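>>> Got a predicted structure here, sequence first:
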Amino acid sequence: MWDSFYLLGLLVKGLVISCFCYIYIRLLSKIYSLFENIYRDYKKLLVMKKLIIILLLQLFGWGHSQYVEVLEKGNLDNLSPRKFMIPLQQQENYKSAFVGRYKAYYPNTYLGHLFTAIADKAKSSGANAYHIVSFKEGDHQNESELVIDTYYIQDSDIRHQSTLIEKNRIYIIGEPILNGGNTSKFKVNGEKREVTDNTFAAITLKENEEVKIVKGGITGMTVWAKWKPEQFNKFYSFSGIGIDGVGFGTNGVGVGINTGRIYPVDPDLGYFLIQVLKESK
């Protein structure tokens, strides 16, 4: 009889302990989920903060045409607005296609913002190609400055120029911050990489190769890129600078993306940035 009570006591004790463990595990799970949601919301808040800052810079810093000057105007008139500007090589052969020379300037300003300001104005005037004349990065006391020549070239010339443009590379553009020095970390096929502010990291796609780019942990974002013949470069950032728009080489790129903290960069801006920024070491 006493054995029966003893066994019953052990059974009750085991049930109590099991219930306590179940409740404890459930509680830990709830706490983990709570902190995970808080962390996720915090990361979203940081991303939104960056986007707001960039949008405000573009809205208020570049809403004034006085920071973009036309230094020289060509003889082409009544051109229709264009949707892209291709980087032009062998520009000395296209003097008759000259639209105008533009200069953009502003203190301590990212060169990408200068290019966007010129491109918006030049494309509305009918330009669809450009050549960089000069550029310099400024600081709080000195102006950043960009001078480019713009052109209107025919479809046959666009096809020819497209054969001269670099293909099948992925570029990760660093934060648009001058003299920042901070790095953003990511992985390429599991290998750790990083890109410094105001620089770029390059990834070459090999024939028949597929690349996986990951930013963040479990809740991070992933981009897959696969090699294709004559595929234009693809550009990404972690800050939202130059969020994807209509640009040269937009079509025909086999890249799948989960939208979030990896943002596609407009190809026009991307091809410009790799000409003026340095590669991260």
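Received it, and whenever you're ready, just let me know what you need.
>>> list the contacts for A97?
If you count contacts by CB atoms under 8 Å, 6 or more residues apart in numbering, A97 has them with 76, 129, 151-153, 157. Yep, even glycine has a C-beta here, placed from its N, CA and C like the rest.
>>> again but with P81, I slipped
Shown here is P81, whose contacts under the criterion CB under 8 Å, 6+ apart are 123-126.
>>> In PyMOL, select just the buried ones from those.
Remark: buried members of those, expressed as a PyMOL selection using 16 or more other CB atoms under 10 Å:
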select buried, resi 123+125+126
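>>> Considering the contacts of P81, which is situated nearest to D139?
K123 (29.4 Å; CB to CB).
>>> from the contacts of P81, which is closest to Q90?
Nearest member of those to Q90, counting by CB to CB, is G126, at 20.6 Å.
>>> contact partners of the helix or strand hosting I213?
Assessed by DSSP states H and E, I213 sits inside strand 210-215. Strand 210-215 has contacts (CB under 8 Å, 6+ apart) with 170, 172, 184, 186-190, 203, 205, 220-227, 236, 238, 261-262.
>>> Direction included, what does it pair up with?
strand 183-188 (antiparallel), strand 221-226 (antiparallel) (DSSP bridges).
>>> list the buried ones in the last one?
So the one you mean is strand 221-226. Buried positions in strand 221-226, judged by neighbour count with 16+ other CB under 10 Å: 221, 223, 225.
>>> same question, stretch 88-97
Within stretch 88-97, the residues that count as buried by 16+ other CB under 10 Å are 88, 91, 94, 97.
>>> just stretch 212-219 next, same as before
Under the neighbour-count criterion of 16+ other CB under 10 Å, stretch 212-219 has 213-216 buried.
>>> Next secondary structure after the lowest-mean-pLDDT helix or strand in the chain?
Lowest mean confidence among the helices and strands of the chain (mean pLDDT, DSSP states H and E): strand 255-257, at a mean of 36. Next in sequence after strand 255-257, counting helices and strands by DSSP H and E, comes strand 263-264.
>>> Check which helices and strands that next one sits against.
strand 234-237 (3 or more CB pairs under 8 Å, 6 or more residues apart in numbering; DSSP states H and E).
>>> returning to what we had before: which of the contacts of A97 fall within strands?
129, 151 (DSSP state E).
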